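J.: predicted coordinates and the sequence they were generated for:
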Amino acid sequence: MSGLEGLYQQIILDQAKRRNGDGPLDGADAEHHEFNPTCGDEITVRVKLDDDGTRLAALAWQGDGCSISMASASTLAELASGRPVEEVRGLIEGFRTMLRSQGAGEPDEELLGDAIAFHGVSKYVMRVKCAMLSWVALEAALAKAAPAAE
Amino acid sequence: MSTSDLDTIGQRTVTDLRSDFPAFADGAAYGARPDGGTPVAYLDSAATAQRPARVLDAERDYLEQHLAPVHRGASAAVGVSTTLFEDARATVARFVGAGEREIVWAENATDALNIVALGMADASAGLGGPEASRFALESGDEILVTEAEHHANLIPWQRLAARTGARLRAVRVDERGIWSIDALTAELSERTRVVAIAEVSNVTGHLAPVAEVVAAVRERSPRALVVLDACQSVPHLPSDLGALGVDFAAFSGHKMLGPNGIGVLYGRAELLDALPPARTGGSTITRVTIDSAEFLPAPHRFEAGTQPVSQVVALAEAVRYLESIGMAAVAAHERSLAERVAVQLAEVPGVRLIGPPPGSPRAGLVSVAVDGVHAHDVGQFLDDAGVIVRVGHHCAQPLHRALGITATTRASAHVYTTADEMDRFVATLGEVRSFFGVSGADEAAAVIA
């Protein structure tokens, strides 16, 4: 089962149970709901920025889905909370690039940290959306809370 | 049911029958693997079925030997092509107990259902003259579906209701996802104008009591049309739509060992002749002026534009292939497989069987929810073990919502499915929860005890 274990690395199975960031967020600046119609997975990501709007002070999510989508949301919450918004945007872009790689190359561990565990997902085209769900939701929530400078 | 129905189908063994299908040949997608590994089990025939060589050959033969337009021009080649096209219609008509004029070619079953719903919308808007008024809906009228319907037999009716002011009602399902004839009958009234149900649920495998539904509708709702989604029944069970007495029915070629891109709308002739054609254009007409058009009788009034002739020809070959086996034998084989799975699943901890319990009639498909593991993860695990199933909501979100789950895992059979393949589905399913680390404490206790 090497293929399957490449997809479901232990860190992913653990994160799916840990569900970092699962819960409501009082005083959120913005939220975004994402839905994957093929499997019914859904997630709402809420964000709160610090006073000058440059740092993601808090991130929380509520949702239901497969282990990939839940582990991905948990990992995202761990990695993104407290970071400058611009860094978070870079993180999301790096994650998206990795998931579009179809298994090619080596993921950028310096940029992505524990999220490199999802590199194996990129080989499973039907599961890429599962992994991206919360990240896309965060991207949209950030766009609402802190529109990118032109 | 005899044990032999598992391994034989009619006069043939399943092993022998599989040799008719190129996909099961050595080295092919679902055949013996060059490395000696276990072949991949294809258990998603309810979504799309494998095709026998003779169906593929029929399509290629038509394209190589007879390709020409149908019903237009005057050449001998057109005559041959048109004859093949119309002979195919007669073959499909015979197969489902219909008259030739009662079979309309559509893109797929979804398209067929839309032809009815959109035709009724046109009638409601005043198109089609006085003979179409029987299809006209208005505020106060009701359309009845069930919670178990495939979206293809739901959304067209939602749109028809929205266009006409009619009200859409749904018969509720129980905790197994099954609706009862009593629950349906209770929803019928003189206001009911459409009753749209599936003969076999694509999720639960439940067989609807269609004859009873027709009788109840005729008694309580004399103005109602019965529309049957026959996608999961015509490819798997003996069908006699004429005797069943439904008004319309829809099914698709690719689920019955035939091509994609061809579906069938059945309608009682007098209804089809009066239903306004939702899509209009060339070859549907008698007389056209710059301001108006008069339409042909059924079926041609619905077949606008160039038709998928090679698919039609190949579909007829698929029908002849199924007839050569015998639909009663097909049904017995698939039923025995599904029953075997249902019985075995009762022994697998943490697996919830959707649909009829073991011992009750069910079509050749089985859907389950695995406690604590999302269906996508279940499907991935099965896929890795070489068992191809369908995961998701199967285009039946309301049904899944009623069951309190977002998605299920479905294994489905066709003529070529073996007991061994179904057993691998059950055995692999039994390993899913421990892989994802959700085996319950109660089971651990049971093991210790």
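T.: Now that the structure is in, tell me what you want to look at.

J.: and the contacts of the helix or strand bottoming out on mean pLDDT in chain A?
T.: Here the helix or strand of chain A ranked lowest by mean pLDDT, DSSP states H and E is helix A:2-7, holding a mean of 81. Outside helix A:2-7, the residues within contact range by Cβ atoms under 8 Å, 6 or more residues apart in numbering or on different chains are A:68, A:120-121, A:123-124, A:127, B:380-381, B:384, B:435. C-beta here means a position set from N, CA and C on the backbone, and glycine is covered the same way.

J.: how about a cut-off of 10 Å?
T.: A:1, A:13, A:67-68, A:103, A:117-124, A:127, B:377, B:380-381, B:383-385, B:435 (Cβ atoms under 10 Å, 6 or more residues apart in numbering or on different chains).

J.: what's the ChimeraX line that selects buried ones from those residues?
T.: Buried members of the contacts of helix A:2-7, defined by 16 or more other Cβ atoms under 10 Å in any protein chain shown, are picked up in ChimeraX with:
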select /A:13,67,68,117,118,119,120,121,122,124,127 /B:377,380,381,383,384,385,435
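
J.: quick one: which of the contacts of helix A:2-7 sit in helices?
T.: The helices, defined by DSSP state H, take in A:13, A:67-68, B:377, B:380-381, B:383-384, B:435 from the contacts of helix A:2-7.

J.: okay if I get those as CSV plus distance to B:R362 and pLDDT?
T.: Below are the ones in helices among the contacts of helix A:2-7 laid out as CSV (distance: Cβ to Cβ, whole Å; pLDDT from 0 to 100):
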residue, distance to B:R362, pLDDT
A:L13, 34, 92
A:S67, 30, 93
A:I68, 32, 95
B:D377, 25, 95
B:Q380, 26, 94
B:F381, 24, 96
B:D383, 24, 95
B:D384, 28, 94
B:F435, 28, 93
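
J.: and of those residues, the nearest to B:V171?
T.: Comparing those against B:V171 with Cβ to Cβ places B:D377 closest, at 32.1 Å.

J.: if I read this right, the closest one contacts B:G437, doesn't it?
T.: No: if you go by Cβ atoms under 10 Å, B:D377 and B:G437 don't touch, sitting 11.3 Å apart.

J.: which neighbours do those two have in common?
T.: Applying Cβ under 10 Å, 6+ apart, one finds that B:D377 and B:G437 are jointly contacted by A:13, A:16, A:67.

J.: pick out the most distant pair among the ones in helices among the contacts of helix A:2-7.
T.: Checking the ones in helices among the contacts of helix A:2-7 with Cβ to Cβ, the most distant pair is A:L13 and B:D383, at 17.3 Å.

J.: and B:E59, how many neighbours?
T.: 22 (other Cβ atoms under 10 Å in any protein chain shown).

J.: look up how far chain A lies from it.
T.: Distance of B:E59 to chain A, computed by Cβ to the nearest Cβ, to the nearest Å: 29 Å.

J.: my read: that residue touches B:Q311, true?
T.: Yes: in terms of Cβ under 10 Å, B:E59 counts as a neighbour of B:Q311; the distance is 7.0 Å.

J.: so what sits against both of these two?
T.: B:258-259.

J.: related to what we said a few turns ago, check which residues of the least confident helix or strand of chain A are buried.
T.: Within helix A:2-7, the residues that qualify as buried by neighbour count (16+ other Cβ under 10 Å) are A:L7.

J.: for residue 44, what are phi and psi?
T.: Using chain A. Main-chain torsions, A:T44, degrees, to the nearest 10: phi -120, psi 120.

J.: my question was about chain B
T.: phi -130, psi 40.

J.: identify the bridge partners of it.
T.: B:D44 has these beta-bridge partners by DSSP bridges: B:S412.

J.: quick check: which element contains the residue nearest the centre of chain A?
T.: In chain A, the centroid-proximal residue (Cα atoms, centre = their mean) is A:W135; its distance is 3.5 Å. In this assignment (DSSP states H and E), A:W135 forms part of helix A:128-145.

J.: other SSEs contacting that helix?
T.: Helix A:128-145 is packed against strand A:30-36, strand A:41-49, strand A:56-64, helix A:67-80, helix A:85-99, helix B:375-384, with contacts defined by 3 or more Cβ pairs under 10 Å, 6 or more residues apart in numbering or on different chains; DSSP states H and E.

J.: touching, A:R83 and A:A58? I think so.
T.: No: in this structure, A:R83 is not within contact of A:A58 by Cβ under 10 Å, at 11.2 Å.

J.: the two - which one has more neighbours?
T.: Neighbour count, other Cβ under 10 Å: between A:R83 and A:A58, A:A58 has more, with 19 against 16.

J.: distance of the more buried one relative to A:D50?
T.: 9 Å (Cβ to Cβ, to the nearest Å).

J.: please apply the same query to B:V40.
T.: In terms of Cβ to Cβ, B:V40 sits 53 Å off from A:D50.
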